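Undergrad: would you be able to build a 3D model of this:
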Amino acid sequence: MSLRPNERTNVRRNRYKVAVDAEEGRRRRENKMVAIRKDKRGENLRKRRSEGLQAQLQHQQPADSVFVSAFDSQLESVADMLRGVYSEDRKFQLEATTCFRKLLSIRLPLINEVSVAVPCFVAFLARDDFPQLQLEAAWALTIIASGTSENTKVVTDRGAIPVLVRLLTSAADDIREQAVLTLGNIAGDSLECCDLVLGHGALMPLLA
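TA: Model (predicted):
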């Protein structure tokens, strides 16, 4: 039996909502993992300092070699993605930024390698004409800022803070939320970073 026009519209709307809800749920899960990684960063650094490189090699699991192979392959693709973010084509910019964000979400993040794309990500934050690109860029910066203090410094040195603060008043809920998470990771790195975030007026939009 064929559906009436209104019924077909409702079916399409429901399918779209399911897809959007699934994407939102995945984004929230990844952000939760980033927050956990940020909280455990100090502890992990202490553990790594206490373990010698030889001990790490002796205790490697057989599966590690497979993962390292995949890691090397991903490193080779970084150059292609960099060409994408530096492209003038907005389609390539979005695809490359999304690939970078997904790459940052794997078990062994390539934060140091991806940091070279930070200037582009910061520039994309200002693309009010392209909200999807803004979100992906903020998402990538959230993960980068969850890395080492050096990684966070790359984000702050490239001028991300004032642009992120501006996004706290974005009309899009997901962009506002991602800006909050990124600023939280930056502020949580050190007292100096916290002062930088507050100094750029982040508190007032949060209280509004």
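
Undergrad: so residue 189: helix, strand or coil?
TA: The three-state label given to residue 189 by DSSP: H, G, I helix; E, B strand; the rest coil is coil.

Undergrad: that one contacts residue 154, doesn't it?
TA: No - in this structure residue 189 lies outside contact range of residue 154 using C-beta atoms under 8 Å: 11.5 Å. To be clear about C-beta, it is placed using only N, CA and C from the backbone, and glycine gets the same treatment.

Undergrad: burial measure for residue 81, as a count.
TA: When counting by other C-beta atoms under 10 Å, one arrives at 20 neighbours for residue 81.

Undergrad: now it: closest residue in space, sequence neighbours ignored.
TA: residue 96 (4.5 Å; C-beta to C-beta, 6 or more residues apart in numbering).

Undergrad: CA atoms of the helix or strand containing that neighbour as PDB?
TA: Assigned by DSSP states H and E, residue 96 falls within helix 90-104. Only the C-alpha atoms of helix 90-104 are listed here, as PDB (Å, rounded to 0.1, in the frame of the first residue of the first chain):
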ATOM      1  CA  ARG A  90      35.200  23.600   1.100                       C
ATOM      2  CA  LYS A  91      34.200  19.900   0.300                       C
ATOM      3  CA  PHE A  92      37.900  18.800   0.600                       C
ATOM      4  CA  GLN A  93      38.300  21.000   3.800                       C
ATOM      5  CA  LEU A  94      35.400  19.200   5.500                       C
ATOM      6  CA  GLU A  95      36.400  15.700   4.400                       C
ATOM      7  CA  ALA A  96      40.000  16.200   5.500                       C
ATOM      8  CA  THR A  97      39.000  17.800   8.800                       C
ATOM      9  CA  THR A  98      36.600  15.000   9.500                       C
ATOM     10  CA  CYS A  99      39.300  12.400   8.700                       C
ATOM     11  CA  PHE A 100      41.800  14.200  11.000                       C
ATOM     12  CA  ARG A 101      39.200  14.100  13.800                       C
ATOM     13  CA  LYS A 102      38.500  10.400  13.300                       C
ATOM     14  CA  LEU A 103      42.200   9.700  13.200                       C
ATOM     15  CA  LEU A 104      42.700  11.600  16.500                       C
END
